[in-house]
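Trainee: okay, predicted coordinates and the sequence, questions at the end:
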Amino acid sequence: MSNYEPSEGQSSARNGLFRALNGEEFFVEILTRSNKPIAFSLLTMVYPQFQQTGTNASFKLTTSPAEPQYIQYNMPPGVDRFLVKLSSNPLNGDGGDLCSYLSVQSCRCPVGDLDADLRLDGRYQTVTTQGAIEVTRNDFNGSFYIVVLVKPHDRDCEDAQNMFALMRYRRRGSHSAVPNQQSRTKTVLITVVGSLAQEGYILATLLPIGLFMLFFVVSLVLLQTSCRGWNTIICGDAANIWLPTKEGTWAMARAFERSVTGRTIPSMWDPTNYKKSHILSMVRRLRPNSGAFNTADQKLTILPDGQARMETVAEQNESSTDDGPVSVNLTSIVDLVDTYAPTSSNDTLLRMSNFNKISSKKLTQTSSEYSCTLMVVFLFYSLPVFQLVLTHQALLLVTGNEDLCFYNFSCANRVGILSDFNHIISNIGYVLLGILFLVIVRRRAMYTAKLRLKVADIDDYGIPSQLGLFYGMGLALVMEGFMSACYHVCPSYNNFQFDTSFMYLIAGLLILKLYHGRHPDILPRSYVAYMLFAGFIFVALVGVVSKNRIYWIVFSVFHGLTTIAIGLQLFFVGYLELGTTAFLASWKIYRCSRCRCPDVPWSRVILASLITLINLGFVIAGPLLRPWDFATHLLFILQGNLIVYAGFYATMKIINKEEKISRATCLYFLLGTPAWLVGMYYFTHSLSNWEVSAAVSREGNKECFFFNFYDEHDVWHMLSAFGLFFTFMMLLTLDDDLATVSREKISVF
């Protein structure tokens, strides 16, 4: 040990004991294993900026692998939460993008300023250009150390934290050359700002809950159903349900029952609106040219309950009374039937009555399986999910390693054990609006059950409701809220599929319901549909894990072949069977008909062309551009097909003079479209990315901008919840104008 008398402005030392100018004493001990004396010099200086305080304190530090820097921060009174932010400029030549550690530790010796030591206390994270760590007063008793250490290499900030990172590291070799330490000097700016107070947390948390609850209550009020009525609906007592009447409906509600052009849409809950169609349907089945009866001596008798039967004139005279049934001469009705019959032979559109061959009871049973099966899937899927994400969250809190979870650390507000509470509570909209939609579907189901008691042949009218699919959509929305919240407990490469699984389900169910509306017999069993969705999830999982362009190409080839098959199905459905056996039989008919194609309507050509073009666009753009991760690519494929088919469906309803779009449907469209557009704008803000390393992911972190508590992704959660709800409602009411129309007059497209 070497002792010396310091010059002016320096501390003094004697026998290892140093005394600073302010009188503070400390010891310095030098150890060596050398057998020979080693000459050295020791210089001690006062560091005036070592202790910092204030709610907006900022200071610069210059550090390197051999010279870690740390300071002590003392929390000012009155503030309990602080955000420690690190930022550096990679363009100023000060090593701003070098891989380094940002650590927050307790004020105790020794300070963990080495790579291995800083992992033993507090919290730490790898950073390049920016990082942030939230600190509370209870964590460090009012003061803590801020440590910055530059890594001797950038490997820890370059490799994504997944199963292939270790493989790439081994291929490069674990004994790579050590870079020049003198060139790895980095200047950073440390800023400590006060975070949101407890009152702000409470207000910000109650904001989305209050917003969605207010919307929930207002929606129930607008449905004009009393508490007793809701009790009857929930209990399923169809016999005691009162159907809505024109007199009991608000004028505003009646206004939305009209079409966009002002044409009246018959109320689907008024049994009297079904009699005319029933008479026409019965007479059409017993037309005079079929030999079933003679209009000269037979009449159509309308019973008081709206039913009808055929009677001869003699039979009718014997059974007629003053209060008895009403009889109508068939001679005048036959002309009316011709008026309402399908148009001329040039009309090539299929009709619902020609296409719908499966009984309504069987279709109802098939569709009801979707909600029951989905509940079972969710229960078995969610339990291990809850366990896994809570384990990851606990591991982060115990080890202090904030590289485990890919938060937006600049806007991650901790509540209890949840490090990113704002991204969890913002999913409440999915749950509440999903429950609201389920309540609305339940109300419609019970009204339909009541209507079925009054109109025996209700299944001969309108688009088959098959409300089981709507129940599945509502449940999927609720489950998406839970799964998205679970994902945001600790978002990472290991659990990304939790957030996307039910997105696939929702998009798939929307497509299935929209197509099933005009093709009621094409409805796969629930386990078949969910197996297909599981296949989507598996394909997405392999694509994310492999990160290989070859896999993109193989998938795109398969996608292109599938697109061609679906295009043929859309083109020939109802005109030509595409099964193996049926196709051979159809080919013989086609060959014997002098190679003339079936008289397929132009609308089928447009639909098949649009679906084929948009999917071929995804096929080409996917492997060439790879604009997003593979899971998002699959989701956009489903959404793109949904938008195209929904647009085609709405266009066909507008073109078809027999159909009308209600004002309510247009209102849901006008409310849902801005929610989707603004929501997608915020969705494109990449605030974190688990496909890259944790340090690189933090380069996209942004501060909270909404109530100083929510970021862009939180706003996406809220807006997309409204967008999905209004989309569901638009689909639920899209074909209400056809509810009282005979299926013999409903076109299939």
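Mentor: That came through, no problem.

Trainee: tell me which strands and helices the host helix or strand of residue 538 is in contact with?
Mentor: According to DSSP states H and E, residue 538 maps onto helix 526-546. In terms of contacts (3 or more CB pairs under 8 Å, 6 or more residues apart in numbering; DSSP states H and E), helix 526-546 is packed against helix 360-399, helix 497-518, helix 549-572, helix 630-655. Quick note: C-beta positions are derived from backbone N, CA and C, even for glycine.

Trainee: only alpha carbons, please: show it as PDB.
Mentor: Only the C-alpha atoms of helix 526-546 are listed here, as PDB (Å, rounded to 0.1, in the frame of the first residue of the first chain):
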ATOM      1  CA  SER A 526     -68.300 -26.900 -34.000                       C
ATOM      2  CA  TYR A 527     -65.400 -29.300 -33.400                       C
ATOM      3  CA  VAL A 528     -64.500 -29.200 -37.100                       C
ATOM      4  CA  ALA A 529     -64.500 -25.400 -37.100                       C
ATOM      5  CA  TYR A 530     -62.400 -25.100 -33.900                       C
ATOM      6  CA  MET A 531     -60.000 -27.700 -35.200                       C
ATOM      7  CA  LEU A 532     -59.500 -25.500 -38.300                       C
ATOM      8  CA  PHE A 533     -58.900 -22.500 -36.100                       C
ATOM      9  CA  ALA A 534     -56.400 -24.600 -34.000                       C
ATOM     10  CA  GLY A 535     -54.600 -25.400 -37.300                       C
ATOM     11  CA  PHE A 536     -54.300 -21.600 -37.900                       C
ATOM     12  CA  ILE A 537     -52.800 -21.200 -34.500                       C
ATOM     13  CA  PHE A 538     -50.300 -24.000 -35.000                       C
ATOM     14  CA  VAL A 539     -49.300 -22.600 -38.400                       C
ATOM     15  CA  ALA A 540     -48.800 -19.200 -36.800                       C
ATOM     16  CA  LEU A 541     -46.700 -20.700 -34.000                       C
ATOM     17  CA  VAL A 542     -44.400 -22.500 -36.400                       C
ATOM     18  CA  GLY A 543     -44.000 -19.400 -38.500                       C
ATOM     19  CA  VAL A 544     -43.100 -17.300 -35.500                       C
ATOM     20  CA  VAL A 545     -40.700 -19.900 -34.100                       C
ATOM     21  CA  SER A 546     -38.900 -20.600 -37.400                       C
END
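
Trainee: got the buried residues for it?
Mentor: 526, 529, 530, 533, 536, 537, 539, 540, 541, 543, 544 (16 or more other CB atoms under 10 Å).

Trainee: any idea of the angle it forms with helix 630-655?
Mentor: Relative orientation of helix 526-546 versus helix 630-655 (axes from the mean of the first three to the mean of the last three CA atoms, to 10 degrees): 130 degrees.

Trainee: distance from helix 526-546 to the middle of the chain?
Mentor: 16 Å (CA atoms, centre = their mean, to the nearest Å).

Trainee: and what of stretch 108-127?
Mentor: The answer for stretch 108-127 is 38 Å, by CA atoms, centre = their mean.

Trainee: straight-line length of it, end to end?
Mentor: Stretch 108-127 has its terminal residues 24 Å apart, counting by CA to CA, to the nearest Å.

Trainee: any buried residues in it, and which?
Mentor: Buried, per 16+ other CB under 10 Å, within stretch 108-127: 111, 112, 113, 117, 118, 121, 122, 123, 124, 125, 126, 127.

Trainee: from residue 109, how far off is the fourth one?
Mentor: Between residue 117 and residue 109 the distance is 11 Å, computed by CB to CB, to the nearest Å.

Trainee: what distance do you get for the nearest residue to residue 64 once chain neighbours are set aside to residue 103?
Mentor: Closest residue to residue 64 apart from its sequence neighbours, by CB to CB, 6 or more residues apart in numbering: residue 185 at 4.7 Å. Using CB to CB, we find residue 185 at a distance of 19 Å from residue 103.

Trainee: more neighbours: which of these two?
Mentor: The neighbour comparison of residue 185 against residue 103 (other CB atoms under 10 Å) goes to residue 103, with 28 against 16.

Trainee: surely that one and residue 115 touch.
Mentor: No - judged on CB atoms under 8 Å, residue 103 makes no contact with residue 115 at a distance of 10.5 Å.

Trainee: identify the contacts common to the two.
Mentor: Common contact partners of residue 103 and residue 115 (CB atoms under 8 Å, 6 or more residues apart in numbering): residue 149.

Trainee: contacts only, for the nearest residue to residue 389 once chain neighbours are set aside.
Mentor: Once flanking residues are discounted, residue 389 sits nearest to residue 489: 4.1 Å by CB to CB, 6+ apart. Contact partners of residue 489, counting by CB under 8 Å, 6+ apart, are 389, 390, 392, 393, 418, 420, 424.

Trainee: residue 548: which of the residues you listed is nearest?
Mentor: residue 392 (26.6 Å; CB to CB).

Trainee: brilliant, that's me finished.
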